[in-house]
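K.L.:
using only what follows, build the 3D model:
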Amino acid sequence: MSTILVTGAAGLLGLFVVRDLLAHGHSVRGLDRRHGDADIDWHVGDVTSPELVQRATAGADAVMHIAAIPNIWSGDGQTIMRVNLLGTYTVLDAAEAAGVKRVVFCSSDSVAGYTVREGKMLAPHYAPLDLDHPLLATDPYAVSKVAGEDLVRAYALRGMSVVALRTVFVAYPDMVGEIVARAKDPDNYRGPMVGGPSSAGGGPLHHHIDPRDLARAFRLAFELPMQPGAFERFYLSAQVTLSPEPTLDRLRRLHGGSVEIRAPEIYAKQPFAPLYDLTHAAERLGFVAEYDQRHLLAGLPAFS
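P.N.:
Modelled structure (predicted):
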């Protein structure tokens with residue numbers, strides 16, 4: 001049994017990660033601004049507080065760093081940069097001092113830059129988009145994740161083993177109404193419209209991942225055999241998008257022929273396959289998403 005600290009443990013994703021770790025026999029600690037419902041050891045306060053984070057990491061075997069301002073609509077640029085960068089540095093610094101060997105960092109597909117038009121979004125150079133694709137972040141949240149990956153890589157160079165999980169929009173149960181509302185009128189949707197915690201996300205292609213799958217990916221990242229000082233990154237997504245149009249059709253409509261299609265056979269086999277190359281996650285991490293929410297859209301006019 002390992003002792004694992006989960007930052008952001010009382011949040012939407014943290015709940016699922018904590019639940020999965022407990023189900024697999026691990027001892028879990030939670031750090032968050034509020035006390036969650038899980039029966040674990042809680043450390044309540046701000047992730048940017050060195051004293052709090054030091055207490056939470058003492059004796060831990062691993063840290064799963066999820067706590068963050070989760071998107072550009074949840075805080076201004078100053079707040080996003082302060083919490084996401086200072087919080088990540090504070091966690092890494094405390095983890096190193098405590099002798100933690102493995103850190104799993106919740107990054108984002110936003111690092112590639114193709115997520116929100118409010119950030120002066122740039123089109124991808126090619127599809128499927130893989131780890132060699134340049135990072136084209138333009139909004140504060142995306143930039144904070146690029147810089148966060150630089151921070152965790154730096155601590156890997158100092159001797160930790162670190163995994164960055166570049167997840168797409170997480171389709172929590174509370175988001176079902178927003179996902180359906182967008183699907184009913186994709187061109188005019190301006191969420192949140194039906195009481196969801198945020199707008200239905202996933203960028204122009206409506207990517208998504210089920211939180212149960214993402215929680216499993218965090219556990220697999222903890223279990224991944226790695227040498228001290230290693231740093232690995234993975235794009236994570238459901239195997240299909242929530243877009244009303246097949247992926248290549250939508251890319252062509254939005255960007256003409258500017259996006260090079262490097263593996264058309266992937267989209268011939270599954271027309272709604274995501275933009276991101278998921279083969280590395282399948283082969284190295286052993287992760288293939290088991291769930292998707294496309295069934296929610298069956299029968300809607302745009303999805304007939």
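K.L.:
where exactly do the strands run in the stretch 51-200 of the chain?
P.N.:
62-65, 102-108, 126-127, 161-167 (DSSP state E, counting those that start in this stretch).
K.L.:
where along the stretch 1-150 of the chain do the helices fall?
P.N.:
12-23, 50-57, 77-81, 87-97, 140-157 (DSSP state H, counting those that start in this stretch).
K.L.:
can you tell me which of the strands of the stretch 51-200 of the chain is most buried?
P.N.:
strand 62-65 (a mean of 27; mean count of other Cβ atoms under 10 Å). Yep, even glycine has a C-beta here, placed from its N, CA and C like the rest.
K.L.:
that one - contacts with which helices or strands?
P.N.:
Judged by 3 or more Cβ pairs under 8 Å, 6 or more residues apart in numbering; DSSP states H and E, the packing partners of strand 62-65 are strand 3-7, helix 87-97, strand 102-108, helix 211-223.
K.L.:
arrange these in TSV, one row each, with mean pLDDT as further columns.
P.N.:
Shown next, in TSV, are these (pLDDT from 0 to 100):
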stretch	mean pLDDT
strand 3-7	98
helix 87-97	98
strand 102-108	98
helix 211-223	98
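K.L.:
got the ones you listed as TSV, with distance to Ala181 columns?
P.N.:
Output for those, formatted as TSV (distance: least, Cβ to Cβ, whole Å):
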stretch	distance to Ala181
strand 3-7	31
helix 87-97	32
strand 102-108	23
helix 211-223	20
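K.L.:
nearest to Arg29, of these?
P.N.:
Across those, Arg29 has its closest neighbour in strand 3-7 (4.6 Å, Cβ to Cβ).
K.L.:
partner strands of that closest one, with direction?
P.N.:
Strand 3-7 pairs in its sheet with strand 27-32 (parallel), strand 62-65 (parallel), by DSSP bridges.
K.L.:
relative to Ala302, how far out is the residue nearest to the spatial centre of the chain?
P.N.:
Centroid-nearest residue in the chain: Thr167, 2.8 Å away (criterion: Cα atoms, centre = their mean). From Thr167 across to Ala302, the span is 26 Å (Cβ to Cβ, to the nearest Å).
K.L.:
for Asn188, same thing?
P.N.:
12 Å.
K.L.:
please apply the same query to Val47.
P.N.:
40 Å.
K.L.:
those two: who's more crowded?
P.N.:
Val47 (24 against 14; other Cβ atoms under 10 Å).
K.L.:
count the neighbours of Glu96 for me.
P.N.:
Considering only other Cβ under 10 Å, Glu96 is surrounded by 16 other residues.
K.L.:
what's the closest non-adjacent residue to the residue nearest to the centre of the chain?
P.N.:
Leu236 (4.8 Å; Cβ to Cβ, 6 or more residues apart in numbering).
K.L.:
next, the closest residue to Val168 other than its chain neighbours: secondary structure please.
P.N.:
Leaving aside its sequence neighbours, Val168 sits nearest to His207 (Cβ to Cβ, 6+ apart; 3.8 Å). For His207, the secondary structure call by DSSP: H, G, I helix; E, B strand; the rest coil comes out as coil.
K.L.:
tell me the pLDDT of His207.
P.N.:
Predicted confidence (pLDDT) for His207: 98.
K.L.:
redo the strands paired with strand 3-7 as CSV? Include distance to Asp292 and mean pLDDT.
P.N.:
Output for those, formatted as CSV (distance: least, Cβ to Cβ, whole Å; pLDDT from 0 to 100):
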stretch, distance to Asp292, mean pLDDT
strand 27-32, 27, 98
strand 62-65, 24, 98
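K.L.:
adding distance to Thr79, write the ones you listed out as JSON lines.
P.N.:
Rendered in JSON lines, the data for these read as follows (distance: least, Cβ to Cβ, whole Å):
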{"stretch": "strand 27-32", "distance to Thr79": "17"}
{"stretch": "strand 62-65", "distance to Thr79": "18"}
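K.L.:
which residues of the stretch 201-304 of the chain fall in helices?
P.N.:
211-223, 247-255, 264-269, 279-280.
K.L.:
what bits of the stretch 51-200 of the chain have low per-residue confidence?
P.N.:
119 (pLDDT under 70).
K.L.:
got a list of what Pro271 touches?
P.N.:
By Cβ atoms under 8 Å, 6 or more residues apart in numbering, the contact list for Pro271 reads 246-249.
K.L.:
which one of the helices of the stretch 201-304 of the chain is the most hemmed in?
P.N.:
With a mean of 21, the top stretch among these by mean neighbour count (mean count of other Cβ under 10 Å) is helix 211-223.
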